[in-house]
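Chemist: Here's my sequence, what's the structure:
(2 chains)
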Amino acid sequence: MAMDKTHSRLYLRWTVGERIQHWLLVVSFFMLVITGFALKYPESWWTWPFTITGSFDLRGLLHRIAATVYIALAVYHVAYLLLTPRGRKQWQALKWRLQDFRDLKHQILYNLGKLSRPPRYGHYTYWEKMEYWALVWGTVIMVMTGLLLWFENLSLRFLPLWVLDVATVIHYYEAILATAAIFVWHFYFVIFDPLVYPLNPSMISGTLTEDAMQEEHAQELEMLSQSGINPAGDIIDPLSVAADSESDEKSETLAV
Amino acid sequence: MRRCVLSLWILMWILGSAPQLQAQTREECQECHADPELTTETESGEEISLFVPDSVFDASVHADLECIDCHADIVELPHEDTLKAVDCGSCHEDEAEAVAKSVHGMELRARSPDAPACADCHGTHDILPMDNPASRISKANQPETCGRCHSDPDIIARNQIPMVAPVAIYEGSIHGRLTQEREDAATCSDCHRGHLILTPLNPASSIFKLEIPNTCGKCHEAIYEEYRISVHARALQQGAKDAPVCTDCHGEHDILRPENPESPTSGFRVPVEVCSPCHASERLAKKYGLTPARVTTYENSYHGLALRGGKATVANCGSCHGVHAILPSSDPRSPIHRDNLVETCGKCHPNPTENFARGRIHPVGEEAEARVIQMVRWIYVVLIAVVIGFMVLHNFIDFIAKAKRLRLAQHGHG
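Modeler: Numbers count the residues shown, from 1 in each chain, chains lettered A, B, ... in the order given. Now for the predicted structure:
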């Protein structure tokens, strides 16, 4: 992009560990989606790869293997948020603030041409927070209902069968909601957004360029320049700086 | 022919008796009929053999009879060129009477050229007892004997016989295969009878709907006793003509073992091929107060999905409801009676508790459990519509705005 030296600076978006978390999530999530719908629509033509062993148990087995990876990842992620310094900063950055709702309204009005300037975002935009918290919501629902159905003999000792019927319905519809949300929301912002297309590469490279920061995290970029950080040539880690200015915004933090 | 007549004349001339003979013996008939080249022409000009080998006749059930016992219209020798058809009924009265009432008898009276007479099934001079393996009507040979007409496409077409290939289908069935190996498997006459063969619409028929359990029960006694107490048998007794008898679930000529994956009674075909045709039928539901939606709850359950995916070990209808002795849940003998549910579920699910029997299974309609499920479904449909709808709308506006900006920027630079 820009040849200017100052514009070639890189900003840390995701550490290697966070990127591994993301890609593990991608693999296990889509494995769950595919095997899950293969379980729900057993006769569909596209389920043929699961018929090669001749056993219906294959799709169930793969679903449970993927679920195990997914749940282990979720547990690790919670521990990461609670127990590591960077994780705690991520948690702070992911919290909903009143500003996010203002940004949402601002962005829509701007897109409709009612406002002349776009909102200036901090570390996470409202759509990224929506993405994240939708995932958390979906995970809670899917893991709870999924475990009830996985360990049906145990569940049936304490719950009547119709509760498992309800769990089946929830598991199914939540799967549709989650899959649709990934395709409509996440894929738009990281792939189909005209300013991003063909891909936002930060989950591969781990960094954002100054241009991308200016576009999507202008407020954070400004905060960084005000804090006087200018390690030429190095990768700047906004979260390490954000910790200091966090207290200013505390009053706006919403209960999640 | 001429040589035979000549020798007879010589014989009679020597004996000096009148040229008229009474009470001929077999030896006398064999003077001519032992000749392998003895033939005659039928009315249609076809040449047929009149040779009756002694060895064949001696081996037959009728070995002790004289020729004229059957060919009773022979009173003198030489006899007329054309003899009357043999009347087996002169001895076999009951059988002849039965055939006369049968579908074959009807065709015989109508002088259908395809109608089978006694000899067409039993043979003529070579009739063997049924238990002789070489007999045309031995258990193993019946399919071939009946098939001479019932596997002949011309005869079937000419007579508009609705069952187009019963023998071929039967030969693939468990009965068809077993008749070739053992004595006690059902062959054609075990179900259709030998002589009194009637259409299934005739109440006197062995395959009349209400008679089928008795017909099958001749061999399958224990199953008959189970079926007899079932809700299906009871419904039939009370006139519900749609209620199933053996053949409605098992098929007719094509019956296979339930272990055979091709059989409609094999585990993973039962729901679709055996129970659903009636229990998911809107027409029968209206008539008998059945609840087709219950079938749907099974299809959408894990059992139903895994079964559709080809998992044969998962519960099908029969796993819980029983097979022949299907009874309503109100009957204490029923495996789905509340007191028996724990045991029934326990057939597959290890260490079941009383809790297994709690709440309704297959909830539908206005039943409380079904309403909860329906409510959850609606909440989710609305949630999905609102959330995804918002996302689509939001991104659509965003896309248009950004695309516009991009075009402007490119335009500006250009």
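
Chemist: C-alpha from now on. contacts and neighbour counts both.
Modeler: Will do.

Chemist: Do you know the pLDDT at residue A:225?
Modeler: For residue A:225, the pLDDT comes out at 82.

Chemist: Number of residues surrounding it?
Modeler: 10 (other CA atoms under 10 Å in any protein chain shown).

Chemist: Tell me if I am right that it is in a helix.
Modeler: Yes. Assessed with DSSP: H, G, I helix; E, B strand; the rest coil, residue A:225 lies in a helix.

Chemist: I'd like to know how far it sits from residue A:235.
Modeler: Computed as CA to CA, to the nearest Å, the residue A:225 to residue A:235 distance reads 14 Å.

Chemist: Close to chain B: what parts of the stretch 1-150 of chain A are there?
Modeler: For the stretch 1-150 of chain A, the residues found near chain B under the criterion CA under 8 Å from any CA of the partner chain are A:39, A:40, A:41, A:42, A:43, A:55, A:56, A:57, A:108, A:111, A:112.

Chemist: Show me the residues you listed that map onto helices.
Modeler: A:39, A:40, A:57, A:108, A:111 (DSSP state H).

Chemist: my read: the last one touches residue B:404, true?
Modeler: No. With contacts defined as CA atoms under 8 Å, residue A:111 does not count as touching residue B:404, sitting 9.8 Å away.

Chemist: neighbour-wise, which of these two wins?
Modeler: residue A:111 (23 against 14).

Chemist: got a list of what the more buried one touches?
Modeler: Residues counted as contacts of residue A:111 (CA atoms under 8 Å, 6 or more residues apart in numbering or on different chains) are B:397, B:398, B:400, B:401, B:402.

Chemist: Pull out the buried members of the residues you listed.
Modeler: Among the contacts of residue A:111, those classed as buried by 16 or more other CA atoms under 10 Å in any protein chain shown are B:397, B:398, B:401, B:402.

Chemist: Now narrow the contacts of residue A:111 to whatever sits close to chain A.
Modeler: Among those, chain A is touched by B:397, B:398, B:400, B:401, B:402 when using CA under 8 Å from any CA.

Chemist: is it possible to export those residues to CSV including distance to residue B:366?
Modeler: CSV is the format used below for the ones next to chain A among the contacts of residue A:111 (distance: CA to CA, whole Å):
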residue, distance to residue B:366
B:397, 43
B:398, 45
B:400, 47
B:401, 49
B:402, 50
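
Chemist: Mind checking which of the residues you listed are in helices?
Modeler: B:397, B:398, B:400, B:401, B:402.

Chemist: Take these and write them to a markdown table, including pLDDT and distance to residue B:62.
Modeler: What follows is these, written out as a markdown table (pLDDT from 0 to 100; distance: CA to CA, whole Å):
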| residue | pLDDT | distance to residue B:62 |
| --- | --- | --- |
| B:397 | 95 | 100 |
| B:398 | 95 | 100 |
| B:400 | 94 | 100 |
| B:401 | 93 | 104 |
| B:402 | 90 | 103 |
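
Chemist: Excluding chain neighbours, what is closest to the residue in the stretch 1-150 of chain B positioned nearest to chain A?
Modeler: Going by CA to the nearest CA, chain A is nearest to residue B:143 of the stretch 1-150 of chain B, at 37.1 Å. Distances taken as CA to CA, 6 or more residues apart in numbering or on different chains place residue B:167 nearest to residue B:143, at 6.0 Å, with adjacent residues excluded.

Chemist: for residue A:87, what are its contacts?
Modeler: Counted by CA under 8 Å, 6+ apart, residue A:87 has contacts A:80, A:81.

Chemist: can you check residue B:164 too?
Modeler: So residue B:164 contacts B:150, B:151, B:153, B:156 (CA under 8 Å, 6+ apart).

Chemist: Before we move on, what's the pLDDT of residue B:112?
Modeler: Note for residue B:112: predicted pLDDT of 92.

Chemist: gap between the residue most central in space within chain A and residue A:186?
Modeler: The centre of chain A sits closest to residue A:132, judged by CA atoms, centre = their mean, with a distance of 4.0 Å. Computed with CA to CA, the distance linking residue A:132 and residue A:186 is 10 Å.

Chemist: swap in residue B:113?
Modeler: Between residue B:113 and residue A:186 the distance is 80 Å, computed by CA to CA.

Chemist: Residue B:313 now?
Modeler: 40 Å.

Chemist: Of the two, which one has the most company?
Modeler: residue A:186 (19 against 13).

Chemist: which residue packs closest to residue A:146, ignoring adjacent ones?
Modeler: Among residues not flanking residue A:146 along the chain, residue A:171 sits closest, at 6.7 Å (CA to CA, 6+ apart).

Chemist: SS state for that neighbour?
Modeler: helix.

Chemist: which residue ranges form the helices in the stretch 151-300 of chain B?
Modeler: Assigned by DSSP state H, counting those that start in this stretch, the stretch 151-300 of chain B shows helices spanning B:153-158, B:166-172, B:174-179, B:188-192, B:212-217, B:221-228, B:231-237, B:246-250, B:276-279, B:282-288, B:292-300.

Chemist: Flag the shaky bits of the chain, pLDDT-wise.
Modeler: In the absence of a named chain, chain A is used. A:1-7, A:228-233, A:242-256 (pLDDT under 70).

Chemist: Please refer instead to chain B.
Modeler: B:1-23, B:412-414.

Chemist: ranges for the strands of it?
Modeler: B:39-41, B:47-49 (DSSP state E).

Chemist: got a list of what the residue lying closest to residue B:313 once chain neighbours are set aside touches?
Modeler: Leaving aside its sequence neighbours, residue B:313 sits nearest to residue B:267 (CA to CA, 6+ apart; 7.4 Å). When contacts are counted by CA under 8 Å, 6+ apart, residue B:267 touches B:258, B:259, B:261, B:312, B:313, B:315, B:316.
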